[in-house]
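*Asks:* mind looking at a prediction? Sequence and model below.
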Amino acid sequence: MSLNQIFDIAGSAMSAQSIRLNTTSSNMANAETASSSTGETYRARKPVFAAVQAGLMDGGRGAGDLFSDKLESKGVRVEGIVESQAELTRRYQPEHPMADQEGYVFYPNVNVVEEMADMMSASRSFQTNVEVMNTAKTMMQRIMTLGQ
């Protein structure tokens with residue numbers, strides 16, 4: 001892997017973590033949204049990540065060496081965003097304007113504590129990839145001064 005590819009890999013990870021932060025903040029913003037039916041109730045959303053595999057480690061030449069059948073990772077991509085199928089919260093609140101005929105109100109299946117932990121993890125992953133990029137930049141600058 002060349003030093004230049006580090007920026008592409010770290011950049012794809014930063015983009016993925018940004019999407020993770022956005023979905024987490026959306027979940028937290030809708031955590032207490034009331035609804036009168038299960039079909040209208042907000043459901044927690046989670047991004048699905050996949051590693052990007054971009055060819056063989058030998059550059060696709062098929063040289064037959066020890067590593068010719070190993071795939072080289074080129075970053076991460078977001079495959080999609082899925083809705084949680086966990087049970088919705090159903091509360092008996094007959095005085096609520098969104099209550100159904102039986103007096104129940106439906107709330108999203110968002111666990112705020114879990115979402116906060118997910119937000120902290122995504123934020124730290126983003127920060128780590130920023131540090132990777134800064135370290136790679138510093139290494140490239142030092143390489144350029146070797147000939148002086």
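*Replies:* Nice, thanks for sending it over. Every value quoted in this text rests on a predicted model; they were computed, and no experiment measured them.
*Asks:* may I ask which helix or strand encompasses the residue most central in space within the chain?
*Replies:* The chain has residue 20 as the residue nearest its centroid, 3.4 Å off, counting by Cα atoms, centre = their mean. Taking DSSP states H and E as the definition, one finds residue 20 inside helix 5-29.
*Asks:* helices of this structure, start to end?
*Replies:* Taking DSSP state H as the criterion, the chain carries its helices at 5-29, 112-144.
*Asks:* OK, contacts around residue 82?
*Replies:* Going by Cβ atoms under 8 Å, 6 or more residues apart in numbering, residue 82 touches 45, 46, 48. To be clear about C-beta, it is placed using only N, CA and C from the backbone, and glycine gets the same treatment.
*Asks:* hmm, 10 Å instead?
*Replies:* 23, 43, 44, 45, 46, 47, 48 (Cβ atoms under 10 Å, 6 or more residues apart in numbering).
*Asks:* again with residue 19
*Replies:* Taking Cβ under 10 Å, 6+ apart as the test, what residue 19 contacts is 47, 49, 77, 78, 81, 122.
*Asks:* show me which pair in those is furthest apart.
*Replies:* Across these, the longest distance by Cβ to Cβ is 15.8 Å; it joins 77 and 122.
*Asks:* compare those two (neighbour count), which wins?
*Replies:* Shown here are residue 77 and residue 122; by other Cβ atoms under 10 Å, residue 122 has more neighbours (21 against 14).
*Asks:* who's in contact with residue 6?
*Replies:* With Cβ under 10 Å, 6+ apart, residue 6 has these contacts: 129, 132, 133, 135, 136, 137, 139, 140.
*Asks:* what's the neighbour count on residue 79?
*Replies:* For residue 79, using other Cβ under 10 Å, the count is 10.
*Asks:* with that, I have no additional questions.
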